[in-house]
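K.L.:
Mind looking at a prediction? Sequence and model below.
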There are 2 protein chains.
Amino acid sequence: MTSDGFRPLDEKSLAEYIKATPALSSKLGGKLDHLQIKEVGDGNLNFVFIIVGSAGSLVVKQALPYIRCIGESWPMTKERAYFEAMALKEQGRLCPDHVPEVYHFDRDMSLIGMRYLEPPHIILRKGLIAGIEYPLLAEHISEYMAKTLFFTSLLYTTTTEHKRAVAEFCGNVEMCRLTEQVVFSDPYKVSQYNRWTSPYLDQDAEAVRQDNILKVEVSQLKSMFCERAQALIHGDLHTGSVMVTHDSTQVIDPEFAFYGPMGFDIGAFLGNLILAFFAQDGHASQANDRMSYKSWILRTIEETWSLFRKKFIALWDENKDGNGEAYLPPIYNNPDVWQLVQGKYMEDLLHDSLGFGAAKMIRRIVGVAHVEDFESITDASKRADCERRALNFAKMLMKERRTFASITDVASAVQKA
Amino acid sequence: MTSDGFRPLDEKSLAEYIKATPALSSKLGGKLDHLQIKEVGDGNLNFVFIIVGSAGSLVVKQALPYIRCIGESWPMTKERAYFEAMALKEQGRLCPDHVPEVYHFDRDMSLIGMRYLEPPHIILRKGLIAGIEYPLLAEHISEYMAKTLFFTSLLYTTTTEHKRAVAEFCGNVEMCRLTEQVVFSDPYKVSQYNRWTSPYLDQDAEAVRQDNILKVEVSQLKSMFCERAQALIHGDLHTGSVMVTHDSTQVIDPEFAFYGPMGFDIGAFLGNLILAFFAQDGHASQANDRMSYKSWILRTIEETWSLFRKKFIALWDENKDGNGEAYLPPIYNNPDVWQLVQGKYMEDLLHDSLGFGAAKMIRRIVGVAHVEDFESITDASKRADCERRALNFAKMLMKERRTFASITDVASAVQKA
Ligand SMILES: Nc1ncnc2c1ncn2[C@@H]1O[C@H](COP(=O)(O)OP(=O)(O)O)[C@@H](O)[C@H]1O
Ligand SMILES: Nc1ncnc2c1ncn2[C@@H]1O[C@H](COP(=O)(O)OP(=O)(O)O)[C@@H](O)[C@H]1O
Ligand SMILES: [Mg+2]
Ligand SMILES: [Mg+2]
Ligand SMILES: [Mg+2]
Ligand SMILES: [Mg+2]
Ligand SMILES: [Mg+2]
């Protein structure tokens, strides 16, 4: 144990920890001597244990003071667990249907106990690779995004609450810096961490590093990420942070949460769906050409934004006489002006989302952390073809994002790319 | 004395306070029994005392828990003095030539002791009304803005320092809320606090409250004010917060300081110069038609921005290999891309400044707090004519700000208005 009360747990010490922690042991039923404990973390950063007892189960996630997939050579504050716990609780309060319940948080141990999302829950990204359709995905994720973003924005909160919360989440600065580096910087320069499907994409990676217009655009997006405290964002809302079944959609892993631009979350999700789309040709087989699955992904992209837009505006309308001080009813006092401001807000948000989505796509192809959608395509040449199409689309999307008037135009462009 | 150690001072109790406070008494020479103390606050919010001793002088500013010009019916945190002191010290460190030195700060008493800016220093606004030219004003104020804004932005600081400072200044939220109300909200709605030169401007005030396009624009500016932590801004940089002589320019009164959009400061200054311009016809006499003075104001508007732009870019160039993480040299690694990003940054900043400047003009004509530039025009009909021209110009400027490619275009438009 270090002097701050922290010690990394393994299966054995975790069993002792649970026995000593009623908030956890009470979830498991009696017979605590026969717990099944398994470390399952397949994420990049942390350790995740599944614990099954005689009459219940739970998950324990622990942050270590470095990045798991890289090792102790890349230190990273374990305080990220604090912000993850804060965000999970807040997002769970705002959208309980789509966020696992937090049972316990231990700040000294950087340890969160939460609901185990039992099988058949799987990580959405794996479902997308397997070609599984999730009919409620757009409905659910749009609900999550609309509620978590709207209720933490100035459309709903007072400036007083907002600035208090902004200040608190400024503490999650190390995670923000990591995003700045791996999303907004490294892909656009030579970096020891970057990798790509070589030699196929050598020229493509080089082209990214020499694209002045793209660099101007990414600088704008980076500034927005660093400066604009629009809402409490998840901060890492890719398809690996969502667990799904046919009927259930659960958002986990908000350890990058802070007050940032809403478009960063929406873009992360949409951008990763677009990556999944471009990966499909790599997963096609004679038995399944994935054509109808590609259509489903496109429909899901469209519906996610359309439903988000609808739900977000509905929340705004319902709460317009609330405490939010951004658009006071005595000012925005006629239907014309109300439609004008809402239209402008949603148009800007779409464009922000497309820009951030494009940035998230690019970094997954030429940056440090790749996605299984492409990595699982074993034929490197085939993989490179898929990645190149995704990369070129993303570059175009970042540069031209302001010319897209609707999500339908985006989906058409993906289809034609 | 209240339980928190606060008590409002008058001339007599202040003398005792000074005697008990070496950081103050040491500035005054011996013979502390014969201090000249005079309350001179002509500002809207606080009490300001000038203290002259046998061999020195100083100013003491104290915040009371309400707004001075309105009274105890409008409570306002006296903690504003803490943020004013923090900002004065930081801005003084970054630009000592143009910020009075802080000798002493007492948080319990909300009291700041600082350098007395002795006569012939006067408030710039009064100089503008009197028709006095200040040949170094543009040079000095552009220096102040370039240094205070550049060095507190992400162009110079790390994300880590930036978020720490942002969080600290989130505490000045009551002052931010006051600005939100009086600058971005009240002028666009019916409010008991609004006033204007009635009946002359009744229709004009009404037109502001019915201008949907203007309301959309002001909503965007308000969001930027509330959400965008671009740099440590003064927050109230009108011509009443600047004291001048022929050779000296000193910026006082940063009690509204927080991390906000740079354009809010630049716009406040430029907008108030434009107000001074439109007031000149009301001050013209047979002896002095103020034509050449109007030209000087226009030149000062142009030079303020041009010099600011030049100095800001020079600081950026000089510090591009420093700790600032916004534009990493290995990414922005050729002269073309460097010029592109700087050009875009300064273009956006000009447009932000014009938008905020326009908002500051409008609120001084139809909002709660007016400016002496117009108030000192005793003939109400003449005053209303000046105000109407300023108001119409400001409305146009807010709506059309993105069409102005340079400050010269803005100055021409002012001249023609
Ligand atoms: N509440 C949970 N229920 C079931 N599995 C979970 C739960 N939380 C995490 N996991 C599993 O652990 C993996 C890593 O979790 P995650 O929170 O994404 O960690 P990291 O921050 O390291 O990415 C997930 O991909 C998922 O498979
Ligand atoms: N350091 C100073 N030296 C000389 N006069 C000062 C100084 N500080 C303030 N004053 C005078 O007091 C007035 C009010 O000060 P200010 O800081 O603007 O207070 P407020 O916050 O109430 O507007 C100024 O307009 C100026 O005349
Ligand atoms: Mg994860
Ligand atoms: Mg994670
Ligand atoms: Mg003042
Ligand atoms: Mg907003
Ligand atoms: Mg003041």
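P.N.:
Thanks, I have the structure now. Just so you know, these numbers come straight off a predicted model, no measurement behind them. Numbers count the residues shown, from 1 in each chain, chains lettered A, B, ... in the order given. Ligands and ions are numbered 1, 2, ... in the order given.
K.L.:
drop to CA atoms for contacts and neighbour counts, all remaining ones
P.N.:
Fine.
K.L.:
Give me the pLDDT value at the closest residue to ligand 2 within the stretch 301-417 of chain A.
P.N.:
As assessed by C-alpha to the nearest ligand atom, ligand 2 sits closest to A:Glu325 within the stretch 301-417 of chain A, at 25.0 Å. Per-residue confidence at A:Glu325 stands at 92 (pLDDT).
K.L.:
do you know how far it is from B:Thr152?
P.N.:
Distance, A:Glu325 to B:Thr152, using C-alpha to C-alpha, to the nearest Å: 28 Å.
K.L.:
and those two? which has more neighbours close in?
P.N.:
Ranked by neighbour count (other C-alpha atoms under 10 Å in any protein chain shown), A:Glu325 and B:Thr152 place B:Thr152 first, with 23 against 19.
K.L.:
helices or strands up against the longest helix seen in chain A?
P.N.:
In chain A, with assignment by DSSP state H, the single longest helix is helix A:335-366. Packed against helix A:335-366 by the contact rule (3 or more C-alpha pairs under 8 Å, 6 or more residues apart in numbering or on different chains; DSSP states H and E) you find helix A:212-227, helix A:262-283, helix A:380-400, helix B:212-227.
K.L.:
Now do the helix or strand just after the third one and helix A:380-400, the angle between them.
P.N.:
Later in the chain than helix A:380-400, the nearest helix or strand by DSSP states H and E is helix A:407-416. Taking axes from the mean of the first three to the mean of the last three C-alpha atoms, to 10 degrees, one finds that helix A:407-416 is oriented at 150 degrees with respect to helix A:380-400.
K.L.:
ok so, going back, pLDDT of the longest helix of chain A, averaged?
P.N.:
In this model, helix A:335-366 has an average pLDDT of 98.
K.L.:
what's the angle between that helix and helix A:212-227?
P.N.:
Using the same axes, to 10 degrees: helix A:335-366 against helix A:212-227 is 110 degrees.
K.L.:
now the angle between helix A:262-283 and helix A:335-366, please.
P.N.:
On the basis of the same axes, to 10 degrees, helix A:335-366 is oriented at 50 degrees to helix A:262-283.
K.L.:
Next, the buried residues of the following helix or strand past helix A:335-366.
P.N.:
Counting by DSSP H and E, the next helix or strand C-terminal to helix A:335-366 is helix A:372-375. By neighbour count on 16 or more other C-alpha atoms under 10 Å in any protein chain shown, the buried set for helix A:372-375 is A:Asp373, A:Phe374.
K.L.:
what's the most buried one of the helices and strands packed on helix A:335-366?
P.N.:
Mean neighbours per residue, mean count of other C-alpha atoms under 10 Å in any protein chain shown, is largest over those for helix A:262-283, with a mean of 26.
K.L.:
how distant is that helix from the center of its chain?
P.N.:
11 Å (C-alpha atoms, centre = their mean, to the nearest Å).
K.L.:
And stretch A:95-107, by the same measure?
P.N.:
In terms of C-alpha atoms, centre = their mean, the centre of stretch A:95-107 is set 16 Å apart from its chain centre.
K.L.:
Tell me which residues of that stretch come out buried.
P.N.:
For stretch A:95-107, the neighbour count (16+ other C-alpha under 10 Å) marks A:Cys95, A:Asp97, A:His98, A:Val99, A:Pro100, A:Glu101, A:Val102, A:Tyr103, A:His104, A:Phe105, A:Arg107 as buried.
K.L.:
Checking my notes, A:Tyr259 in a strand, right?
P.N.:
Yes: assigned with DSSP: H, G, I helix; E, B strand; the rest coil, A:Tyr259 falls within a strand.
K.L.:
Would you confirm that it contacts A:Ala231?
P.N.:
Yes: using C-alpha atoms under 8 Å, A:Tyr259 is in contact with A:Ala231, at 5.0 Å.
K.L.:
So these two - more neighbours on which side?
P.N.:
Neighbours per residue (other C-alpha under 10 Å) separate A:Tyr259 from A:Ala231, with A:Tyr259 holding more: 29 against 26.
K.L.:
hmm, back to that, right, and the helices and strands packed on helix A:335-366 - which one's nearest ligand 2?
P.N.:
Here helix B:212-227 is closest among the helices and strands packed on helix A:335-366 (C-alpha to the nearest ligand atom), at 20.3 Å.
K.L.:
what are the pairing partners of the helix or strand just after that closest one, and which direction each?
P.N.:
Next helix or strand after helix B:212-227 toward the C-terminus (DSSP H and E): strand B:231-233. Strand B:231-233 pairs in its sheet with strand B:258-260 (antiparallel), by DSSP bridges.
K.L.:
what sits up against the strand it pairs with?
P.N.:
Residues from elsewhere that reach strand B:258-260 (C-alpha atoms under 8 Å, 6 or more residues apart in numbering or on different chains): B:165-166, B:169-170, B:172, B:176, B:224-235.
K.L.:
I'd like to know which of those are buried.
P.N.:
B:165-166, B:169-170, B:172, B:176, B:224-235.
K.L.:
Quick one: the strands in the stretch 51-200 of chain A, in order.
P.N.:
Ranges of strands in the stretch 51-200 of chain A, per DSSP state E, counting those that start in this stretch, are A:56-62, A:66-67, A:71-75, A:102-106, A:111-114, A:122-123.
K.L.:
any chance of those strands in JSON lines, plus mean pLDDT?
P.N.:
Putting the strands of the stretch 51-200 of chain A into JSON lines (pLDDT from 0 to 100) gives the following:
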{"stretch": "strand A:56-62", "mean pLDDT": "97"}
{"stretch": "strand A:66-67", "mean pLDDT": "90"}
{"stretch": "strand A:71-75", "mean pLDDT": "89"}
{"stretch": "strand A:102-106", "mean pLDDT": "98"}
{"stretch": "strand A:111-114", "mean pLDDT": "98"}
{"stretch": "strand A:122-123", "mean pLDDT": "98"}
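K.L.:
Tabulate the ones you listed (TSV), appending distance to B:Tyr144.
P.N.:
Shown next, in TSV, are the strands of the stretch 51-200 of chain A (distance: least, C-alpha to C-alpha, whole Å):
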stretch	distance to B:Tyr144
strand A:56-62	48
strand A:66-67	42
strand A:71-75	39
strand A:102-106	47
strand A:111-114	47
strand A:122-123	53
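K.L.:
Any chance of the ones you listed in TSV with distance to chain B as columns?
P.N.:
Formatted as TSV, the strands of the stretch 51-200 of chain A follow (distance: least, C-alpha to the nearest C-alpha, whole Å):
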stretch	distance to chain B
strand A:56-62	24
strand A:66-67	18
strand A:71-75	15
strand A:102-106	24
strand A:111-114	24
strand A:122-123	32
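K.L.:
Start and end of stretch A:248-261, how far apart?
P.N.:
27 Å.
K.L.:
Find the nearest non-adjacent residue to A:Thr152, please.
P.N.:
Among residues not flanking A:Thr152 along the chain, A:Ala231 sits closest, at 5.0 Å (C-alpha to C-alpha, 6 or more residues apart in numbering or on different chains).
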